[in-house]
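just a sequence and a predicted model for now, questions to come.
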Amino acid sequence: MIDCWDKTNEFLTREKLEEKQLVLLNKNFQNAKKSTYYSKAFSKIDKFSSLKEIEKVPFVTKDDLRENFPYGFVSVPKSELVRLHSSSGTTGTPTVVFYTKKDLDDWAELIARCMAMTGGTKEDVFQNTMGHGLFTGGLGFHYGAEKVGMLTIPFGPGNSPRQIWFMKEFGVTVAHILPSYAMHLYSGFAEAGIDPKELKLKTAYIGAEPHSEEMRSQIEQLYGIKAYNSYGLSEMCGPGVAFECKYQNGMHIWEDHFYAEVIDPVTGKVLPDGEEGELVLTTLQKEAMPLFRYRTKDLTRIIPGVCECGRVHRRIERIKGRSDDMLILNGVNTFPIQIEKALMKVEGIGRNYKIEIHKRGYMDKLVVYSELTEESFTDNFKDLEQLKCKVIESLKSELLITPEVHLVRPDSIEVLPGKAKRVFDMR
Ligand code: AMP
Ligand code: ZN
C-alpha cells in the first residue's frame with residue numbers, strides 16, 4: 001500500500017496538475033482583486049491564459065506586507081477571518097497573516113499529506129515541540145496530526161527533562177522538532193541516562209530553519225530514527241508548503257496549492273529547473289490572504305525529474321540559506337550552512353556551534369566556536385590541537401578562507417528558545 005493521504009491530488013499527472021493550477025490561478029486572481037493592495041496592482045490584468053503569464057505580475061516582498069499592514073492584503077470581509085499568525089522575525093513591524101475556516105482546513109490537509117507520505121498513521125503518538133502561539137509551526141502540525149488521527153501532544157518548546165519523560169511514558173513515535181533543538185535535546189537524554197534509541201520514536205519532522213544534510217544524518221544516528229525535512233513560511237500558510245517523502249531526495253512542493261518559480265535574485269529573471277536561485281511562491285487556494293509571486297529570499301533549486309515515489313509535484317533542494325543571511329568575508333560569499341556542513345564532517349565535533357565575524361584591521365575574521373562531544377572532550381592539549389587542525393582544514397576546503405577555531409566543552413554554547421541564532425556579526 002502506498003503511504004498517502006489524498007491520492008487524487010498527490011498523484012495527479014503533470015498535465016492534470018498544470019490544468020488545475022491554471023484554473024486555480026484565475027480563481028485566486030479574481031479573489032485577490034478584492035484586497036486593497038491587489039485592486040490597484042491588478043488593475044491592468046484581466047486573466048491568465050497560461051501559467052507562464054504569471055510573469056506579468058510584479059513580485060511582492062516582506063516590505064510590501066509591512067507597508068500594507070495590517071489588512072491591505074486581506075481579500076475577504078473581516079467577519080470571515082478566524083485566525084491570525086505572525087512570522088518569527090524579531091524586529092520591526094511583524095508580518096501578519098490571516099486564515100478563513102477553509103484556509104485552516106486546507107492547511108491541516110496539507111500537513112496530513114506530509115505526515116501520511118512519511119508513514120504517519122492514526123496509530124502514532126505525536127509530540128509537537130514547536131511553539132503553539134503566534135508562530136505557525138505548532139498549530140499548523142497540531143491540526144494536521146489530529147486530522148490523521150494521531151494521539152497529539154501539544155507540548156510546545158523547552159523543558160527538556162519533561163519532554164523526554166513524555167516521550168518515554170506515552171510511547172511517542174513521531175516528533176516535530178527544530179533541528180537545533182533535536183541536537184540540544186540529546187544532551188537531556190544523556191543527563192537522564194536514557195538512550196533515545198530505546199524509545200518508540202521512529203520519525204521526526206525537522207525544519208523551520210536551515211540545516212545541513214550532515215546535521216540531519218547526525219540526528220538520525222543519535223536517535224535511531226528517520227528525520228524528514230519540512231519547509232514552510234507563514235506567508236504561504238506555515239509548514240506544509242514542501243516536504244520530503246520517504247526517498248528523502250528533495251522536498252515536494254504541493255503544487256496544487258502553491259505555484260513555484262525560482263528566480264535570479266538580482267535580475268528577477270525566472271530560471272529553468274535545476275538552476276539555483278530565490279524561491280518565489282504564489283498561493284493558489286488561499287482565501288483570506290492570497291499572495292502572488294512572493295519573494296521568499298530562500299535560496300534553492302528545483303530538482304529536475306520525477307521522484308521515485310511517483311508524485312509529480314516538483315521537489316526543491318534543501319534550503320541553502322536566505323539571501324539576506326549570506327556572509328561576505330573579505331569579498332568571499334559564504335552561507336552559515338556551509339560552515340555547519342564542514343564542522344559536522346569532522347569526527348569528534350559536537351552538537352552545537354556559533355559563528356562570529358570580527359574586523360581585524362581592514363580584514364574580516366571568521367571565528368568559529370564549536371562544541372566537542374562527550375567523548376572528544378579532553379584535557380590533552382595535543383589531541384585538542386590535532387582536532388582543531390582537522391576542523392580548520394575542513395572549513396578551509398569548504399569556504400576557501402582560514403578561520404579561527406575554538407573548541408569548547410559540550411553544552412557550553414547557550415541555546416535560546418526558538419529558531420537557532422548562530423551568526424554574530426561584530427563588524
Ligand atoms: P516563518 O515565516 O517565521 O515561519 O519563517 C519561514 C522561514 O523559515 C522560511 O522563509 C525559511 O527561511 C525558514 N525555513 C522554514 N523551513 C525551513 C527548512 N526546512 N529549511 C531551511 N529553512 C527553513
Ligand atoms: Zn517523492
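Looks like it arrived, so ask away. Ligands and ions are numbered 1, 2, ... in the order given.

average pLDDT across stretch 15-24?
Stretch 15-24 carries an average pLDDT of 98.

mind telling me what element residue 228 is part of?
strand 226-233 (DSSP states H and E).

tell me what the longest strand along the chain is packed against?
In terms of residue count, the longest strand belonging to the chain (DSSP state E) is strand 349-360. For strand 349-360, the elements it packs on are helix 179-192, strand 327-329, helix 336-344, strand 363-372, strand 423-425, judged by 3 or more Cβ pairs under 8 Å, 6 or more residues apart in numbering; DSSP states H and E. Backbone N, C-alpha and C define where each C-beta goes, glycine included.

what's near enough to touch residue 212?
Taking Cβ atoms under 8 Å, 6 or more residues apart in numbering, we find residue 212 in contact with 318, 337, 340, 341, 344.

could you count how many residues lie near the closest residue to residue 334 other than its chain neighbours?
By the measure of Cβ to Cβ, 6 or more residues apart in numbering, the closest residue to residue 334 outside its immediate chain neighbours is residue 327, 4.7 Å from it. Using other Cβ atoms under 10 Å, residue 327 has 19 neighbouring residues.

residue 327 and residue 408: what is the separation?
21 Å (Cβ to Cβ, to the nearest Å).

got it, and residue 331?
29 Å.

which residues are in contact with residue 231?
Residue 231 neighbours (Cβ under 8 Å, 6+ apart): 207, 239, 241, 242, 243, 251, 298, 316, 319.

before we move on, which element is residue 16 in?
Taking DSSP H and E as the definition, one finds residue 16 inside helix 14-32.

pull the CA atoms of that helix into PDB?
In PDB, the C-alpha atoms belonging to helix 14-32 read as follows (Å, rounded to 0.1, in the frame of the first residue of the first chain):
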ATOM      1  CA  ARG A  14       1.800  16.600 -14.700                       C
ATOM      2  CA  GLU A  15      -0.700  17.700 -17.400                       C
ATOM      3  CA  LYS A  16      -3.700  17.500 -15.000                       C
ATOM      4  CA  LEU A  17      -1.800  19.300 -12.300                       C
ATOM      5  CA  GLU A  18      -0.900  22.200 -14.600                       C
ATOM      6  CA  GLU A  19      -4.500  22.400 -15.900                       C
ATOM      7  CA  LYS A  20      -5.700  22.600 -12.300                       C
ATOM      8  CA  GLN A  21      -3.100  25.200 -11.400                       C
ATOM      9  CA  LEU A  22      -4.300  27.500 -14.200                       C
ATOM     10  CA  VAL A  23      -7.900  27.200 -13.200                       C
ATOM     11  CA  LEU A  24      -6.900  27.900  -9.600                       C
ATOM     12  CA  LEU A  25      -4.700  30.800 -10.600                       C
ATOM     13  CA  ASN A  26      -7.500  32.600 -12.300                       C
ATOM     14  CA  LYS A  27      -9.900  31.900  -9.500                       C
ATOM     15  CA  ASN A  28      -7.400  33.100  -7.000                       C
ATOM     16  CA  PHE A  29      -6.800  36.200  -9.000                       C
ATOM     17  CA  GLN A  30     -10.500  37.200  -9.000                       C
ATOM     18  CA  ASN A  31     -10.500  36.700  -5.300                       C
ATOM     19  CA  ALA A  32      -7.300  38.700  -4.700                       C
END
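
which other residues reach it?
Here helix 14-32 makes contact (Cβ under 8 Å, 6+ apart) with 12, 38, 42, 45, 47-48, 50-51, 54, 75, 255-256, 259, 282-287, 290, 292, 312-313.

what about the residues you listed, which are in helices?
Judged by DSSP state H, the contacts of helix 14-32 include residue 38 as members of helices.

picking up where we left off before, in CSV, list the contacts of residue 212 along with neighbour count, pLDDT and distance to residue 276.
Formatted as CSV, the contacts of residue 212 follow (neighbours: other Cβ atoms under 10 Å; pLDDT from 0 to 100; distance: Cβ to Cβ, whole Å):
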residue, neighbour count, pLDDT, distance to residue 276
318, 17, 98, 11
337, 22, 96, 13
340, 23, 97, 18
341, 19, 96, 16
344, 23, 96, 22
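
buried among the contacts of residue 231? Make that a ChimeraX selection.
Of the contacts of residue 231, the buried ones go into a single ChimeraX selection, burial set by 16 or more other Cβ atoms under 10 Å:
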select :207,239,241,242,243,251,298,316,319
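
filter the contacts of residue 231 down to the ones near ligand 2?
When Cβ under 5 Å from the ion is applied, no member of those is adjacent to ligand 2.

could you pick out which of the contacts of residue 231 are near ligand 1?
207, 298, 319 (Cβ under 6 Å from any ligand atom).

of these, closest to residue 71?
residue 298 (26.0 Å; Cβ to Cβ).

which parts of stretch 17-31 are buried?
Across stretch 17-31, burial judged by 16+ other Cβ under 10 Å covers 17, 18, 21, 22, 24, 25, 28, 29, 31.

same question for stretch 297-315.
Using 16+ other Cβ under 10 Å as the test for burial, stretch 297-315 gives 297-303, 307, 309, 311-315.

just the terminal-to-terminal distance for stretch 197-217.
One end of stretch 197-217 to the other measures 14 Å (Cα to Cα, to the nearest Å).

helix, strand or coil for the closest residue to residue 390 other than its chain neighbours?
Among residues not flanking residue 390 along the chain, residue 346 sits closest, at 5.2 Å (Cβ to Cβ, 6+ apart). Assigned by DSSP: H, G, I helix; E, B strand; the rest coil, the conformation of residue 346 is coil.

quick check: phi and psi at residue 346.
Per-residue torsions, residue 346: phi -90, psi 120 (degrees, to the nearest 10).

what's the pLDDT at it?
pLDDT, residue 346: 97.

next, count neighbours for it.
When neighbours are defined as other Cβ under 10 Å, residue 346 has 18 of them.

please list all residues in contact with it.
Counting by Cβ under 8 Å, 6+ apart, residue 346 has contacts 387, 390, 391, 394.

now flag whichever of these is closest to residue 354.
residue 391 (13.9 Å).

quick one: that closest one is in a helix?
Yes. Residue 391 sits within a helix when classified using three-state DSSP.

separation between it and ligand 1?
24 Å (Cβ to the nearest ligand atom, to the nearest Å).

list the residues that contact that residue.
Residues near residue 391 by Cβ under 8 Å, 6+ apart: 342, 343, 346, 349, 368, 370, 405, 407.

change it to 10 Å
Residue 391 sits next to 342-343, 345-346, 348-349, 353, 368, 370, 403, 405-407 when contact means Cβ atoms under 10 Å, 6 or more residues apart in numbering.

for it, give me the pLDDT.
So residue 391 comes in at 98 (pLDDT).
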